[in-house]
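>>> what shape does this take:
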Amino acid sequence: MEKIRELITLLESGVEDYDEQMKILQTERLKYIRLSMTEGFGSEEGDSKESWLLHLKQLEDSLALRLKSIRQAIVETARDIQKEESV
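Purely as a prediction, here's the structure:
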């Protein structure tokens, strides 16, 4: 039962963090779209179109990694519980 409680705590924290990062990504995507429509990209590093695309890609990669970590925690906990039950 302790493993399940630990997993629940981990999942609650992980899902909240994931949701927060997803909101940030959505906000940044909207900013990118606005800049695209108004041709408001700058020419300096950090405000160029390429910089924005890299920024969005990094946010997406971070979310994918967070989701993978959550899934891995579930699988590992399930394995641990199965091992305990078979003993």
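
>>> how much space between residue 49 and residue 24?
20 Å (Cβ to Cβ, to the nearest Å). The C-beta positions use only the backbone N, C-alpha and C, and glycine is treated the same way.

>>> let me fix that: residue 68
In this structure, residue 68 and residue 24 are 18 Å apart, going by Cβ to Cβ.

>>> quick one: which of the two has more around it?
In this comparison of residue 68 against residue 24, neighbours counted by other Cβ atoms under 10 Å, the higher total goes to residue 24 at 13 against 10.

>>> quick one: the more buried one from residue 81, how far?
34 Å.

>>> just give me the residue right at the centre of this structure.
Compute the mean C-alpha point of the chain, and by Cα atoms, centre = their mean the closest residue is residue 63, 2.0 Å away.

>>> in what helix or strand does that residue lie?
Assessed by DSSP states H and E, residue 63 sits inside helix 49-86.

>>> any idea which helix or strand carries the closest residue to residue 70 other than its chain neighbours?
Leaving out its chain neighbours, the residue that sits closest to residue 70 by Cβ to Cβ, 6 or more residues apart in numbering is residue 14, at 4.6 Å. Taking DSSP H and E as the definition, one finds residue 14 inside helix 2-38.

>>> for that helix, packing partners?
Here helix 2-38 touches helix 49-86, going by 3 or more Cβ pairs under 8 Å, 6 or more residues apart in numbering; DSSP states H and E.

>>> how far off centre is the helix it packs on?
Centroid displacement of helix 49-86 relative to its chain, using Cα atoms, centre = their mean, to the nearest Å, is 7 Å.

>>> tilt between it and helix 2-38?
Counting by axes from the mean of the first three to the mean of the last three Cα atoms, to 10 degrees, helix 49-86 lies at 170 degrees to helix 2-38.

>>> going forward, count from 27.
Yep, numbering from 27; the last one is helix 75-112 now.

>>> just list what helix 75-112 packs against, helices and strands only.
Packed against helix 75-112 by the contact rule (3+ Cβ pairs under 8 Å, 6+ apart) you find helix 28-64.

>>> how about the helix it packs on, which residues are buried there?
Burial within helix 28-64, assessed by neighbour count using 16 or more other Cβ atoms under 10 Å, is assigned to 33, 40, 44, 51, 58.
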